[in-house]
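>>> got a predicted model here, sequence first, then my questions.
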Amino acid sequence: MDRKFYKKIILIFIFTAAFAYVESAVVIYLRQIYYPQGFHFPIKKHVDLLLYIEVIREFATLVIMVSIGALLSKKFWEGFGYFLVIFGTWDIFFYIWLKAAINWPTSIVEPDILFLIPVPWIAPVLAPVLVSLVMIGIGIDITGIFDKGYNVKPHLIHWIIVLLGSIFILYSFMCDTNAMFYEKYPLPYKWGSLIAGLMLYLIAHIILRNKNVRSRPNNVE
């Protein structure tokens, strides 16, 4: 990997850190509006214009990150690798800025609402951070593979394992959406499901490497 690759990765980290600050600022504003005494569960039941705006903003955030990944490479899978790096670093810096600005979360296992599409995702802060670290690692490896002149082309077994991993992880996030309306976080977070999903992601990536990197140079489609 040459200097140009490392420079690109560093610039991605700078961009995502700045972009995460914008995201954290929005969350701080919303919490000042709805939770002036501090954010806590249960969340307030409300369906108003701000809620619709927030859902659209979340979708727009994904569009921005996907677009940047596509701009960084003409090759789909290389661009996807950059997207993984962008998303992962953005998510981690989001919590870093919240901690710096309002000293939240108070602990790494404090529950948070991660996402609202299509239903609220609820998990301790540590859970999305672990997912983000895996995304960053896999993303940097994928983009590094292309930089070395090799190709990445997923096979059926890779898709199956990734799908299973995604089901495990999403289940851990979405299985207890009613928790937001309870006085206490009612069900223990399903760490086993999260870890199983992350392990499947890593296994899928190892298979991807073994089937493509060792035997397929970049000019082989």
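Ah, there it is.
>>> the lowest-mean-pLDDT helix or strand in the chain pairs with which strands, and in what direction?
Least confident helix or strand of the chain, by mean pLDDT, DSSP states H and E, is strand 111-115 with a mean of 86. Partner strands and pairing direction for strand 111-115 (DSSP bridges) are strand 121-124 (antiparallel).
>>> can you give me how far the partner strand is from the chain middle?
From the chain centre to the centre of strand 121-124 is a distance of 13 Å (CA atoms, centre = their mean, to the nearest Å).
>>> going forward can the numbers begin at 47, since that is how I track them
OK, 47 is where the count begins now, so the last one is strand 167-170.
>>> can you name the next helix or strand after that strand?
Once the chain leaves strand 167-170, the next helix or strand it forms, by DSSP states H and E, is helix 172-193.
>>> and that next one, what does it pack onto?
Applying 3 or more CB pairs under 8 Å, 6 or more residues apart in numbering; DSSP states H and E, one finds that helix 172-193 contacts helix 49-80, helix 122-148, helix 202-220, helix 237-254. Every C-beta, even on glycine, is put in place using the N, C-alpha and C of the backbone.
>>> returning to what we had before: got the CA coordinates for the least confident helix or strand of the chain in PDB?
Extracted in PDB, the C-alpha atoms of strand 157-161 (Å, rounded to 0.1, in the frame of the first residue of the first chain):
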ATOM      1  CA  PRO A 157     -28.700   2.200  26.300                       C
ATOM      2  CA  ASP A 158     -29.200   4.400  23.300                       C
ATOM      3  CA  ILE A 159     -31.600   4.600  20.400                       C
ATOM      4  CA  LEU A 160     -29.300   3.900  17.500                       C
ATOM      5  CA  PHE A 161     -31.600   4.400  14.500                       C
END
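>>> just want the angle from it to helix 122-148.
Counting by axes from the mean of the first three to the mean of the last three CA atoms, to 10 degrees, strand 157-161 points 140 degrees away from the direction of helix 122-148.
>>> now find how far off-centre strand 157-161 is within its chain.
12 Å.
>>> contacting residues around stretch 165-183?
130-131, 133-135, 137-138, 141, 151, 153-161, 215-216, 218-220, 222-223, 225-226, 235, 237, 240, 244, 247-248 (CB atoms under 8 Å, 6 or more residues apart in numbering).
>>> again, but for stretch 60-76
With CB under 8 Å, 6+ apart as the criterion, stretch 60-76 contacts 96, 100, 103, 107, 110, 114, 131-132, 135-140, 142-144, 147-148.
>>> skipping adjacent residues, who's closest to Arg103 in space?
The shortest distance from Arg103 to any non-neighbouring residue, by CB to CB, 6 or more residues apart in numbering, is to Val72 (7.0 Å).
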